[in-house]
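Trainee: sequence and predicted structure below; questions after.
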Amino acid sequence: MYSTYMPCLACKTLNNSCKGGNSNHWDIKYEVQNQGMSCPVLASSVNSVKGISGCSTKDGSNANDLADTDSIDWDTEDELEIQGISHPSSTGRASAYEGFLACHKKDGEKVRKESDIIDWDSEDELEIKGLSIPPCSGSLKPGPCVTACKGEASSSACPYNTQAVTQFVNMGFHEHLVIKAIEENGEKDTEAILETLLTYSVLDKSPQESHVGTSKSCSSESGNYFLDDSSDDELSPQNEDQTNQLSEEREILSCLVDMGYSAEDVKIAMERCGSGVSMAELADFICAAQLGGDFDAQSTELSVDNEDSFPHQRQQNDDLSRHKKRKIWMSDRTKNRVWKKIEKKPVNEDKELTLPNPMVGFGLPDDSWAVVERRLPETAAGPPYFYYENVAFTPKGVWEKISKFLYDIKPEFVDSMFFSAAARKRGYIHNLPIHNRFRAQPIPPQTIQEVLPATKTWWPSWDSRTKLNCIQTAVASARLTERIRKAVEKCGDGTPTRDVQKYVMYECKKWNLVWVGRNKVAPLEPDEMEMLLGFPKNHTRGGGISRTDRYKALGNTFQVDTVAYHLSVLKDKFPGGINILSLFSGIGGAEVALHKLGIRLKNVVSVEISRTNREILRSWWEQTNQQGNLIEIADVQQVSTANLEQWMSSFGGFDLVIGGSPCNNLSGSNRRTRDGLEGEHSSLFYDYYRILDQLRTLMRGV
DNA sequence: CTGAGCATGAAAGCAGCT
DNA sequence: AGCTGCTTTCATGCTCAG
């Protein structure tokens, strides 16, 4: 019954490609052991648990009964797969087939034979062919343009090598122009293709038909960055033209930022060159301006707060950006030399954006980590102050891009484990001063056992956790906690075996489980999450809000004490109170943080799409007897310049713009649509930028 | 039809090792 | 420098009961 090539049901790959980090392995391994199976694979160490699910129990039942996994007849389909027969109708089968090929990659002859079935135009192969693949946004992963275009690029309709097309689409050229250029020059002459594409761009050979007609290609799906909400109405031809032009402009902006230019530089270039200018001309203009020092004079001078220098975070993207630009626009003669040089450069060239370890931001309150110095670009100067938040662990290049849009300010990466009993690793981009911060009072308990004293009784000595992991929107199932209870109980009164401990600890850390009874773990209750996140107890309770909605809302919010520490510098600056524009407010993390600091909320414009969340904030506002005005708006995309002007005329402008845009497409927890900043939800970042930038322009005018 | 419950990896960074 | 294993992660979409 046992086969050397037994596929792992959990990751759907064959033995050699199966990694140990898959939770299902733990489930399966443990259950297999408990059912007294004799599986030879299990005899090896935990790290070599591979392909277990193919094992049958002694009584012939499937090993995964407890996991409710379907059984598989290994003698039929899977054996066929092992022999290299594909099952295109099934993803899982296809994966197993890929796994098989991976296992045999060393066998060149055999792999060649499979080339009829599989597209072997991988990056490796392109390199072998001598085609270099330029980085896009510091990553080999397709950038936003490609994300949007890749479906087309890889479709069967495209007769050319998809990587070659992708390569140029990555540079910002439109796909159909790329295909046209390939048609003219052949696939292999990349130099000639590039030149042709540059010529197209300069001559603007196919202007509206390519860009406007398919304007979604490089922009976010939600779009609207530069549009007023008046666009809701049916478009007149004139409006349509305007919309197309704006759409094209933001497409160009996004692509040029992908290439490494700062959003600010691109905007200046657009202003100076006027409308209807091609991307190539804009790029040339920026390069020329930079060589002449035009932009430098505007963008890299003194800080808004006259805070001191920030030596280890200066000179950050500038070099990389310029290299990328040169890489794309270099003349023939120097291109190859420079490209080779750039490719040899270490990847950590922009190491300023690598995540710090420990993640202490610009300094911690207890002086254990000295406050660093930073120097903000002049373009980042307020008013208003602004504060942007998102998950620290994003797909590559995302924070670099966010930073470029937000005036080249480097993110402050902080783990909330230094402020509470739960971790929460987040990046914050803000133009706030960073000296003389203080903590909001009272300081919450800092360990799990202090926050949840009842768990002490049941907490086993072999569970060494004192801090919880990140609070997320999903919680463990009852089935899982039951499996854990059974696993521990099997070991009797003594200490569980090392393997059981490892399994239990893996699940406990993954799902933030705590000990609530003898051998019994449970997910956190919503009110416990509220405490851990710095909210008042029952902040999300009542008003017909379901438990699931509470978990979802809490999983998406700020850690109040962390944010309050950063915002504390505002207290002296605004003794009379503060006007804030709160974007993506959620359940009001920013408002609660300011309130906790004792900063009076004069006027709060809160933009939040979820009605439930708006009700939670409204309820908190009323319960805390706020004396100011709360204006609630549903959709950030509907916030227009006219709205901003209206609010400014009502109460004179905003002191702080604060918010964290959706992380759905950035989070590591997202298995299906981790599409990066251009994802369906996360692209709303551009609305944060749009609104902030419009407001800054208006307030400068004032 | 709605919503709660549940199962579903992969990407990225880090540490340790060779 | 490159490999391997370990750890962490503001989620999504399917199923099924009410």
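Mentor: Right, received. Where do you want to start? These numbers were taken from a predicted model, which means no experiment stands behind them. Numbering: from 1, shown residues only, chains lettered A, B, ... in the order given.
Trainee: what pLDDT does the model give the residue of chain A found nearest DNA strand B?
Mentor: For chain A and DNA strand B, the shortest gap (Cβ to the nearest atom of the strand) falls at A:Ser546, measuring 3.0 Å. (Each C-beta comes from the backbone N, C-alpha and C, glycine too.) In this prediction, A:Ser546 carries a pLDDT score of 89.
Trainee: so where do the strands sit in the stretch 601-702 of chain A?
Mentor: In the stretch 601-702 of chain A, the strands defined using DSSP state E, counting those that start in this stretch lie at A:601-607, A:629-633, A:656-659.
Trainee: give me the angle between the second one and strand A:601-607.
Mentor: Spelled out, that is strand A:629-633. For strand A:629-633 against strand A:601-607, the angle by axes from the mean of the first three to the mean of the last three Cα atoms, to 10 degrees is 10 degrees.
Trainee: can you give me the strands in the stretch 251-400 of chain A?
Mentor: Under DSSP E, counting those that start in this stretch, the stretch 251-400 of chain A gives strands at A:385-391.
Trainee: list the beta-bridge partners for whatever residue of it ends up closest to DNA strand C.
Mentor: The stretch 251-400 of chain A approaches DNA strand C most closely through A:Val391 (3.2 Å), counting by Cβ to the nearest atom of the strand. On the basis of DSSP bridges, A:Val391 is bridged to A:Arg426.
Trainee: would you check that it makes contact with A:Arg424?
Mentor: No. A:Val391 sits out of contact with A:Arg424 when judged by Cβ atoms under 8 Å, with a separation of 9.1 Å.
Trainee: and stretch A:586-605, does that touch DNA strand C?
Mentor: No. On the criterion Cβ under 7 Å from any atom of the strand, stretch A:586-605 is out of touch with DNA strand C, staying 7.8 Å away.
Trainee: since we're on the residue nearest to A:Asn431 when sequence neighbours are not counted, how many residues are nearby?
Mentor: For A:Asn431, ignoring the flanking residues on the chain, the nearest one in space by Cβ to Cβ, 6 or more residues apart in numbering is A:Ala380 at 4.8 Å. Residues near A:Ala380, counting by other Cβ atoms under 10 Å, number 21.
Trainee: same deal with A:Thr612?
Mentor: Counted with other Cβ under 10 Å, A:Thr612 comes out at 18.
Trainee: next: the one 4 residues further on.
Mentor: By the measure other Cβ under 10 Å, the count of residues near A:Ile616 is 27.
Trainee: now A:Arg550
Mentor: 23.
Trainee: isn't it up against A:Thr540?
Mentor: Yes. At 4.4 Å, A:Arg550 counts as touching A:Thr540 under the criterion of Cβ under 8 Å.
Trainee: sorry, back to before: point out the most buried one among the strands of the stretch 601-702 of chain A.
Mentor: strand A:656-659 (a mean of 26; mean count of other Cβ atoms under 10 Å).
Trainee: so what does that one touch, helix or strand wise?
Mentor: Applying 3 or more Cβ pairs under 8 Å, 6 or more residues apart in numbering; DSSP states H and E, one finds that strand A:656-659 contacts strand A:385-391, strand A:578-583, helix A:685-701.
Trainee: A:Ile268 is nearest to which of these?
Mentor: helix A:685-701 (12.6 Å; Cβ to Cβ).
Trainee: the closest one - what's its average pLDDT?
Mentor: Rounded mean pLDDT across helix A:685-701 is 94.
Trainee: related to what we said a few turns ago, so between A:Val391 and A:Arg424, which is more surrounded?
Mentor: Set side by side, A:Val391 and A:Arg424 show more neighbours around A:Arg424, with 24 against 20, by other Cβ under 10 Å.
Trainee: verify the stated contact: that one with A:Leu468.
Mentor: No. Proximity of A:Arg424 to A:Leu468 does not meet the contact threshold set by Cβ under 8 Å, at 9.6 Å.
Trainee: how far away is A:Glu608 from A:Asp635?
Mentor: Distance, A:Glu608 to A:Asp635, by Cβ to Cβ, to the nearest Å: 9 Å.
Trainee: name the residue in the two with the higher neighbour count.
Mentor: Legend: neighbour count by other Cβ under 10 Å for A:Glu608 and A:Asp635, higher for A:Glu608 (24 against 12).
Trainee: which residues does the residue of the stretch 251-400 of chain A closest to DNA strand C contact?
Mentor: A:Val391 makes contact with A:Lys425, A:Arg426, A:Gly427, A:Cys663, A:Leu666, A:Ser667, A:Gly668 under the criterion Cβ atoms under 8 Å, 6 or more residues apart in numbering.
Trainee: could you rerun that using 7 Å?
Mentor: Residues in contact with A:Val391 (Cβ atoms under 7 Å, 6 or more residues apart in numbering) are A:Arg426, A:Cys663, A:Leu666, A:Ser667.
Trainee: by neighbours, which of those wins?
Mentor: Going by other Cβ under 10 Å, A:Leu666 tops these with 26 neighbours.
Trainee: mind checking the end-to-end distance for stretch A:419-435?
Mentor: With Cα to Cα, to the nearest Å as the measure, stretch A:419-435 spans 17 Å from end to end.
Trainee: list the buried residues of it.
Mentor: Neighbour counts over stretch A:419-435 (16 or more other Cβ atoms under 10 Å) mark A:419-434 as buried.
Trainee: could you do stretch A:661-673 as well?
Mentor: Buried, per 16+ other Cβ under 10 Å, within stretch A:661-673: A:Ser661, A:Pro662, A:Cys663, A:Asn664, A:Asn665, A:Leu666, A:Ser667.
Trainee: and it, anywhere near DNA strand C?
Mentor: Yes. Counting by Cβ under 7 Å from any atom of the strand, contacts between stretch A:661-673 and DNA strand C involve A:661-673.
Trainee: farthest-separated two in those residues?
Mentor: Across these (Cβ to Cβ), the longest gap, 20.6 Å, separates A:Ser661 and A:Arg671.
Trainee: returning to what we had before: among the buried residues of stretch A:661-673, which are within reach of DNA strand B?
Mentor: Okay, of those, nothing touches DNA strand B (Cβ under 7 Å from any atom of the strand).
Trainee: what's the closest of these to A:Ile578?
Mentor: A:Ser661 (21.5 Å).
Trainee: that older thread, okay, the residue of the stretch 251-400 of chain A closest to DNA strand C: pLDDT?
Mentor: Looking at A:Val391, its pLDDT reads 95.
Trainee: with A:Met270 instead?
Mentor: We have a pLDDT of 76 for A:Met270.
Trainee: would you convert the strands of the stretch 601-702 of chain A into TSV that also reports distance to A:Ser640?
Mentor: Output for the strands of the stretch 601-702 of chain A, formatted as TSV (distance: least, Cβ to Cβ, whole Å):
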stretch	distance to A:Ser640
strand A:601-607	12
strand A:629-633	11
strand A:656-659	15
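Trainee: format the ones you listed as a markdown table; extra columns: distance to A:Thr447 and mean pLDDT.
Mentor: Below are the strands of the stretch 601-702 of chain A laid out as a markdown table (distance: least, Cβ to Cβ, whole Å; pLDDT from 0 to 100):
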| stretch | distance to A:Thr447 | mean pLDDT |
| --- | --- | --- |
| strand A:601-607 | 32 | 98 |
| strand A:629-633 | 35 | 97 |
| strand A:656-659 | 29 | 98 |
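Trainee: nearest to A:Ser619, out of those strands?
Mentor: Among these, strand A:629-633 sits nearest to A:Ser619 (Cβ to Cβ), with 11.0 Å.
Trainee: convert the C-alpha atoms of that closest one to CSV, please.
Mentor: Coordinates of each C-alpha in strand A:629-633 appear next as CSV, following Å, rounded to 0.1, in the frame of the first residue of the first chain:
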residue,chain,number,x,y,z
ASN,A,629,-19.1,67.0,15.9
LEU,A,630,-19.0,63.6,14.3
ILE,A,631,-19.7,63.5,10.6
GLU,A,632,-20.0,60.0,9.2
ILE,A,633,-19.4,59.2,5.5
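Trainee: could you say what helices and strands it packs with?
Mentor: strand A:601-607, helix A:611-623 (3 or more Cβ pairs under 7 Å, 6 or more residues apart in numbering; DSSP states H and E).
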